[in-house]
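Asks: Kindly return the folded structure for what I paste below:
(2 chains)
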There are 2 protein chains.
Amino acid sequence: MTDISNLFSPRGSAQEIEEGLAFAPNFDAAGLIACVVTDASSGELLMVAHMNAAALARTVESGEAWFYSRSRQALWKKGETSGHTQRVIEMRIDCDQDAVWIKVEQVAGACHTGRRSCFYRAVPLGAPAGKPGAVKLEFHD
Amino acid sequence: MTDISNLFSPRGSAQEIEEGLAFAPNFDAAGLIACVVTDASSGELLMVAHMNAAALARTVESGEAWFYSRSRQALWKKGETSGHTQRVIEMRIDCDQDAVWIKVEQVAGACHTGRRSCFYRAVPLGAPAGKPGAVKLEFHD
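Replies: This next block holds a predicted model:
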């Protein structure tokens, strides 16, 4: 098992965090960091999930995507039960190190509904304020 | 001003949330939803930020990106001070409606460091566990 305390560097100054080489992820109050998952070949946005320190450490170490499920409150290897695993081709971190991006080889679909991507509905823009139910989603799959 | 209570639908069953047309975003315990921002032309991942209900409502209504800053604890229009605004070309929401994706026309750079994208450093994979500082970021800008 990964010794999490050894994998990450302490948070330094803003300059160090943004322009340095130290991997110092900033987990939120719930201990989580957002993770964007795109298809390494097509660039398509597949899903957004969250990682806690253990999930992030295991992903870095193994090259397979691990997440933390907020609803189930459990560490979770993507594809553990479905077989729809994600092999990580590249990982990036953002300026203030509070979001990560993984480019993956996705087996079958990323979405638990069976779709390739979780983002299969559009939110139309320009809906007038104060009209209940004015925003109706539109399917794009 | 947007009447937030009127813009969003109540959360229904899993089936309604995932396969329905009602816009019923799920804000986390801090009242936030993650937002992925990509370049509408190139598809490049520009940034990840958070929206509270007011930021989401204003974005839908105006077609300009608004966010909520966790560090400053304030509603914030992207480009308000920098001029680096984001015009939203399309918005999508994911299966369980706890993440949104906006495709934008980005003026200049999305990142406050001056770069086009916030994701300018890679996290090398396969670092051995238990070696302090074993993970060193690599610049890609």
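
Asks: ok, the most centrally placed residue in chain A - contacts?
Replies: Nearest to the centroid of the C-alpha atoms of chain A, with distances taken as Cα atoms, centre = their mean, sits A:Cys35, at 1.9 Å. Shown here is A:Cys35, whose contacts under the criterion Cβ atoms under 8 Å, 6 or more residues apart in numbering or on different chains are A:48-51, A:65, A:67, A:99-102. (Each C-beta comes from the backbone N, C-alpha and C, glycine too.)

Asks: try it again with 7 Å
Replies: The contact partners of A:Cys35, taken as Cβ atoms under 7 Å, 6 or more residues apart in numbering or on different chains, are A:48-51, A:67, A:100, A:102.

Asks: got the residue ranges for the strands in chain A?
Replies: In order along the chain, chain A carries the following strands (DSSP state E): A:33-39, A:45-51, A:66-69, A:74-77, A:86-93, A:99-106, A:121-122, A:138-139.

Asks: Can I get these in JSON lines including distance to B:Asp94 and mean pLDDT?
Replies: Shown next, in JSON lines, are the strands of chain A (distance: least, Cβ to Cβ, whole Å; pLDDT from 0 to 100):
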{"stretch": "strand A:33-39", "distance to B:Asp94": "11", "mean pLDDT": "98"}
{"stretch": "strand A:45-51", "distance to B:Asp94": "6", "mean pLDDT": "98"}
{"stretch": "strand A:66-69", "distance to B:Asp94": "14", "mean pLDDT": "97"}
{"stretch": "strand A:74-77", "distance to B:Asp94": "17", "mean pLDDT": "97"}
{"stretch": "strand A:86-93", "distance to B:Asp94": "16", "mean pLDDT": "98"}
{"stretch": "strand A:99-106", "distance to B:Asp94": "15", "mean pLDDT": "98"}
{"stretch": "strand A:121-122", "distance to B:Asp94": "8", "mean pLDDT": "98"}
{"stretch": "strand A:138-139", "distance to B:Asp94": "13", "mean pLDDT": "97"}
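
Asks: Would you format the ones you listed as TSV with distance to B:Thr81 included?
Replies: Putting those into TSV (distance: least, Cβ to Cβ, whole Å) gives the following:
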stretch	distance to B:Thr81
strand A:33-39	24
strand A:45-51	27
strand A:66-69	34
strand A:74-77	40
strand A:86-93	25
strand A:99-106	22
strand A:121-122	30
strand A:138-139	34
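
Asks: about what we covered before: report the separation between the residue nearest to the centre of chain A and B:Gln86.
Replies: For A:Cys35, the distance to B:Gln86 under the criterion Cβ to Cβ, to the nearest Å works out to 21 Å.

Asks: quick one: the top helix by length along chain A to strand A:99-106, angle?
Replies: Counting residues, the longest helix in chain A under DSSP state H turns out to be helix A:53-62. Here helix A:53-62 points in a direction 50 degrees away from that of strand A:99-106 (axes from the mean of the first three to the mean of the last three Cα atoms, to 10 degrees).

Asks: Report the angle between helix A:53-62 and strand A:33-39.
Replies: Using the same axes, to 10 degrees, one finds that helix A:53-62 and strand A:33-39 are set 40 degrees apart in direction.

Asks: Poorly predicted segments of chain A, please.
Replies: Flagging of chain A using pLDDT under 70 yields the residue ranges A:1-6, A:128-132.

Asks: still on that earlier bit, out of the strands of chain A, which gets nearest to A:Leu21?
Replies: strand A:86-93 (11.2 Å; Cβ to Cβ).

Asks: Which elements pack onto the closest one?
Replies: Taking 3 or more Cβ pairs under 7 Å, 6 or more residues apart in numbering or on different chains; DSSP states H and E as contact, the helices and strands that strand A:86-93 lies on are strand A:99-106, strand B:121-122.

Asks: Good, wrapping up.
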